[in-house]
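Visitor: Next comes the sequence, and after it the predicted model I'd like to discuss.
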Amino acid sequence: MKDGHLIDAFLEMMSAERGAAENTIEAYRADLLDYCGFLAQSGKAISGATREDVADYLSHLAGEGMAASSSARRLSALRQVHRFLVSEAIRADDPTRIVSSPKPGRALPRVLSVEEVDRLLALAETEAAGARRRTSGSMFCSNYSMPRGCGFPSSWRLNARRCAATPSI
């Protein structure tokens, strides 16, 4: 069977047995036709694709700048069509079985600028001075003087501005 017929049979099954919406069917069709076009460039068909072909396709998508989430969606379509081909005895194995999904990169945390840290420290000193008058220098001032969210280790936070926590006697 040619790739186009296999894709049509898969999409028909998705529509009839799984009740997939028309938009879903069209998205699968576009993804699978792109995959078949990639395979055709190396003279292969979907029924003869290997794990390396699937991995090469995912690398190709990443090389084109496709987001990891979009590549993962495409891999999901490939997994489903290859499972379908195995269930219909068109293939003996599933080449997507041991292919891992693309993982999105983690964003770096936002770092405070020197000016922002200075403003936080100035605010803490001002509030600590007011708190010292109200509470005679309770220990919460030392922890308050540098908030946890600014990225400094706890030891720095506790040692910073000790004068703000010095009780007045």
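Guide: That came through fine. Worth saying up front: this structure is predicted, and the values here are computed from it rather than measured.

Visitor: Next, the contact list for Arg74, please.
Guide: 31, 34-35, 58, 61, 66 (C-beta atoms under 8 Å, 6 or more residues apart in numbering). C-beta: built from backbone N, CA, C; applies to glycine.

Visitor: From Glu127, how far off is it?
Guide: With distances taken as C-beta to C-beta, to the nearest Å, Arg74 is found 53 Å from Glu127.

Visitor: that older thread, I'd like to know which of the contacts of Arg74 is nearest to Ala49.
Guide: Taking C-beta to C-beta as the measure, Tyr35 is the one of the contacts of Arg74 closest to Ala49, at 8.3 Å.

Visitor: List the residues that contact the closest one.
Guide: Neighbour list for Tyr35: 46, 57, 74, 77-78 [criterion: C-beta under 8 Å, 6+ apart].

Visitor: please redo it, this time with the cut-off set to 7 Å
Guide: For Tyr35, the contact set (C-beta atoms under 7 Å, 6 or more residues apart in numbering) comprises 57, 78.

Visitor: Give the helix, strand or coil label for it.
Guide: Of the three states, Tyr35 takes helix according to DSSP: H, G, I helix; E, B strand; the rest coil.

Visitor: Sweet, I'm off.
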